[in-house]
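Engineer: Sequence isn't available, so here's the structure alone:
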């Protein structure tokens, strides 16, 4: 994997704001970094999340991007926007035409997909605007490597110009809003739960994983996601239970063991509390 990463040295005194009616100019955002990557088939990316929003622009080649439970083919001049804390990864199966892209990490803004409820990402082609987009991004990379005067403000304006071009093409479905930044520790814990929710997780174990106080973790996680860490784990288990109830013939006892519940009664009680229906009734209703 050929990878060049440039951290953006952010000067709070020079920051500017996106000129867009969808964003509150009193709130601030940060362009954290810019990176260029080319797949060389020497590593295998896994599903992961970030506490910031990522914007990918494919410069050449073709590949696949996995976002949550969706899969998209991507190629040169495609743009992929993934909001913070959304699970994703990318692959490049074709060794003769490897995927190359530029990725921007942005903190403090969220892209809203107006026409698709609860969708936290966008995959869109910019083939017609490729000259403009490539010029802006290459200018940003060149500038961020230098040490010229007004570098911060220059980079910020280039980034805003890039966003304006994104909004121009997707004006009917895409908007921008400021968002409270999720702490790095909470993002780590959410990602850990997403990948280990079938295991016996405790608040003590999660706090140890993030190296923070468990009471602070419980408070900040709920503040950011609306659930305590343990209740979020239960939500993930019940979500998986719904899928298994419909797609397998496992007994309830088997499902409770697969999903990490200590007993069948605890599984049934948790399912009914969250889904508002018993697992047996759920299977009967949705299997039909």
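Structural biologist: Ah, there it is. Everything numeric in this text was worked out from a predicted model, so none of it was measured.
Engineer: On the three-state scheme, the residue most central in space within the chain is what?
Structural biologist: By Cα atoms, centre = their mean, the chain has its centre lying nearest to residue 86, at 2.6 Å. Applying DSSP: H, G, I helix; E, B strand; the rest coil to residue 86 yields a three-state assignment of coil.
Engineer: and residue 280, what does it touch?
Structural biologist: With contacts defined as Cβ atoms under 8 Å, 6 or more residues apart in numbering, residue 280 is in contact with residue 252. C-beta: built from backbone N, CA, C; applies to glycine.
Engineer: Can you mark which positions in stretch 126-137 are buried?
Structural biologist: 126, 129, 133-134, 136-137 (16 or more other Cβ atoms under 10 Å).
Engineer: closest to residue 34 among the residues you listed?
Structural biologist: residue 137 (8.1 Å; Cβ to Cβ).
Engineer: didn't the closest one look like it was pressed against residue 162?
Structural biologist: Yes. Using Cβ atoms under 8 Å, residue 137 is in contact with residue 162, at 6.8 Å.
Engineer: picking that back up, can you tell me how far the residue nearest to the centre of the chain is from residue 259?
Structural biologist: Distance from residue 86 to residue 259, counting by Cβ to Cβ, to the nearest Å: 23 Å.
Engineer: how much space between the residue nearest to the centre of the chain and residue 213?
Structural biologist: Residue 86 is 27 Å from residue 213, by Cβ to Cβ.
Engineer: Now render the buried residues of stretch 126-137 as JSON lines, adding distance to residue 175.
Structural biologist: Shown next, in JSON lines, are those (distance: Cβ to Cβ, whole Å):
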{"residue": "126", "distance to residue 175": "18"}
{"residue": "129", "distance to residue 175": "19"}
{"residue": "133", "distance to residue 175": "20"}
{"residue": "134", "distance to residue 175": "25"}
{"residue": "136", "distance to residue 175": "21"}
{"residue": "137", "distance to residue 175": "22"}
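Engineer: I'd like those written out as a markdown table, with distance to residue 106, secondary structure and pLDDT added.
Structural biologist: Converted to a markdown table, those look like this (distance: Cβ to Cβ, whole Å; DSSP: H, G, I helix; E, B strand; the rest coil; pLDDT from 0 to 100):
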| residue | distance to residue 106 | secondary structure | pLDDT |
| --- | --- | --- | --- |
| 126 | 18 | coil | 94 |
| 129 | 19 | helix | 93 |
| 133 | 16 | helix | 94 |
| 134 | 19 | helix | 94 |
| 136 | 15 | helix | 94 |
| 137 | 14 | helix | 94 |
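Engineer: Quick one: the strands in the stretch 51-200 of the chain, in order.
Structural biologist: 53-60, 62-67, 70-75, 78-82, 88-91, 100-107, 109-113, 121-125, 174-178 (DSSP state E, counting those that start in this stretch).
Engineer: of all the ones you listed, which lies closest to residue 228?
Structural biologist: Once those are compared by Cβ to Cβ, strand 109-113 is nearest, at 22.9 Å.
Engineer: name the helices or strands packed onto that closest one?
Structural biologist: strand 53-60, strand 121-125, strand 174-178 (3 or more Cβ pairs under 8 Å, 6 or more residues apart in numbering; DSSP states H and E).
Engineer: if you compare those, which one is most tucked away?
Structural biologist: Most buried of the helices and strands packed on strand 109-113 by mean neighbour count (mean count of other Cβ atoms under 10 Å) is strand 53-60; its value is a mean of 21.
Engineer: where does this structure dip in pLDDT?
Structural biologist: 1-29, 41-45, 114-118, 172-173, 177-183, 288 (pLDDT under 70).
Engineer: Could I get the full set of helices for it?
Structural biologist: Listed in chain order, the helices of the chain (DSSP state H) span 130-145, 151-169, 184-196, 203-210, 214-225, 229-247, 252-258, 264-275, 279-287.
Engineer: now the ones you listed as TSV including distance to residue 110?
Structural biologist: Output for the helices of the chain, formatted as TSV (distance: least, Cβ to Cβ, whole Å):
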stretch	distance to residue 110
helix 130-145	21
helix 151-169	13
helix 184-196	14
helix 203-210	23
helix 214-225	13
helix 229-247	19
helix 252-258	34
helix 264-275	26
helix 279-287	32
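Engineer: Would you mind saying which of those helices lies nearest residue 79?
Structural biologist: Of all those, helix 151-169 sits nearest to residue 79, with 6.6 Å by Cβ to Cβ.
Engineer: quick check: angle from the closest one to strand 100-107?
Structural biologist: 110 degrees (axes from the mean of the first three to the mean of the last three Cα atoms, to 10 degrees).
Engineer: I appreciate the help and will end here.
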